[in-house]
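J.: Predicted model follows, preceded by the sequence.
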Amino acid sequence: MKSLFSSQGHWFKGMLHTHTTESDGWLSPERVLKAYKNMGFDFVCLTDHWKVTPKPEKAPEGVLYIPGVELDGGATEAGNFHLVGIDVRDSAAFKPIKPNKEYSARELLELLRAENGLVALAHPSWNGVTCADAADIADDLFAMEVWNSGCDVEIGRGLADVQWDDLLSRNHKIKGIAVDDAHRYYIDSGRGWVMVKAETLSRQAIRAALEKGEYYSSTGPIIHDVLLDDSAITIKCSPVRKIDLVSSPTKGQSTLAPRGSNLTEHTFLLSNGIGRYARLRIMDSAGCLAWTNPVFFN
Ligand SMILES: [Zn+2]
Ligand SMILES: [Zn+2]
């Protein structure tokens, strides 16, 4: 059986979308990095609106700073798009972009790609972005936010599991990320993150692992390993109540622990019904979730 996380290396906990006083966040860049370091994070991508916030002079040791930016625009039926560029060029090299609500989603995406960013679709549930809205850019996105803590605590629209499956069901091979998008740093931080398996804690290694999909997203549970071959997928995880193998419409499988107990491992046989893709989602007794990226079948 092959592991979904086959690289040699270590697990690093990371934040890919968060704000500082350089836009509408409540903490300075230095204090944001310190806050995440204190919550056990290994890397943080600062993604202020329309601005690449430089690494603070007094950045704390032991937490890797990654430059990023968030752009918005591109009208949809219900609102607009927010796109996050992760690991863009440093602030000194970043060409300032004037905020312009007339940019289309494609133009925003190309602006971020021109700055070497990995582009993620931010909080589709908060914006009301549908699969039809995102179809034009979906194949050029690195990922979409399946979880956004800020949107969850603000209006209860942090979860975008359905939007992810809508895109996957239409054959867009898109990865998922969980993020905080923190602004206030009391109830909106440390609630959604990615765990990346990389050789070292460097921008280059983290980016390579993100691109390869060697990570999972979580709001609590830990995924120790996922093993797969032609006939089965096995997940090993921290104690959870429920494990889902989410697949194409009407396909997939699910298992629930007996009342009062938990699961830490489960094997799904693929012969029991599987569509064109499968992704694993687990839920613990507190209702916290974790998600693997999808695997695709011919
Ligand atoms: Zn946003
Ligand atoms: Zn944001």
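T.: Okay, I see it. Because the structure is predicted, anything quoted here is derived from the model rather than measured. Ligands and ions are numbered 1, 2, ... in the order given.
J.: quick one: contacts for whatever residue of the stretch 101-250 of the chain ends up closest to ligand 2?
T.: Closest residue of the stretch 101-250 of the chain to ligand 2, C-beta to the ion: Asp181 (4.2 Å). Bear in mind the C-beta positions are built from the backbone N, C-alpha and C, glycine included. Counting by C-beta atoms under 8 Å, 6 or more residues apart in numbering, Asp181 touches His17, Thr18, His19, Ala122, His123, Glu145, Asn148, Ser149, Gly150, Cys151, Asp188.
J.: now do Leu71
T.: Counted by C-beta under 8 Å, 6+ apart, Leu71 has contacts His49, Trp50, His82, Leu83, Gly85, Ile97, Pro99, Tyr103, Leu108, Leu111, Leu112.
J.: doesn't it fall inside a helix?
T.: No - using DSSP: H, G, I helix; E, B strand; the rest coil, the secondary structure at Leu71 is strand, not a helix.
J.: Get me the contact residues on this protein for ligand 1.
T.: The chain comes close to ligand 1 at residues His82, Ala122, as judged by C-beta under 5 Å from the ion.
J.: so the residue nearest to the spatial centre of the chain is in which element?
T.: Central residue of the chain (C-alpha atoms, centre = their mean): Ile177, 1.1 Å from the mean position. In this structure, Ile177 is located in strand 175-179 according to DSSP states H and E.
J.: And Leu210, how far from Ala92?
T.: The gap separating Leu210 from Ala92 is 23 Å, by C-beta to C-beta, to the nearest Å.
J.: which residues in the stretch 151-298 of the chain form strands?
T.: 175-179, 193-198, 215-218, 223-228, 232-240, 242-247, 253-256, 263-269, 277-283, 289-291, 295-296 (DSSP state E, counting those that start in this stretch).
J.: Three-state assignment for Arg31, please.
T.: Under three-state DSSP, Arg31 falls in the helix class.
J.: Look at it and report its pLDDT.
T.: Per-residue pLDDT puts Arg31 at 98.
J.: what's the neighbour count on it?
T.: 17 (other C-beta atoms under 10 Å).
J.: Kindly report the same for Ser254.
T.: 12.
J.: now swap in Ala290 and tell me
T.: So Ala290, with other C-beta under 10 Å, has 25 neighbours.
J.: That one reaches Ser218, doesn't it?
T.: Yes - the criterion here is C-beta atoms under 8 Å, and Ala290 meets it with Ser218 at 3.9 Å.
J.: Contact residues of the protein facing ligand 2?
T.: Proximity of the chain to ligand 2 (C-beta under 5 Å from the ion) is limited to residues Glu70, Asp181.
J.: Would you map the helices across the stretch 51-200 of the chain?
T.: Ranges of helices in the stretch 51-200 of the chain, per DSSP state H, counting those that start in this stretch, are 105-114, 124-127, 131-138, 149-155, 161-169.
J.: I'd like a version of those helices in CSV, one that adds mean neighbour count as further columns.
T.: Shown next, in CSV, are the helices of the stretch 51-200 of the chain (neighbours: other C-beta atoms under 10 Å):
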stretch, mean neighbour count
helix 105-114, 19
helix 124-127, 22
helix 131-138, 18
helix 149-155, 20
helix 161-169, 20
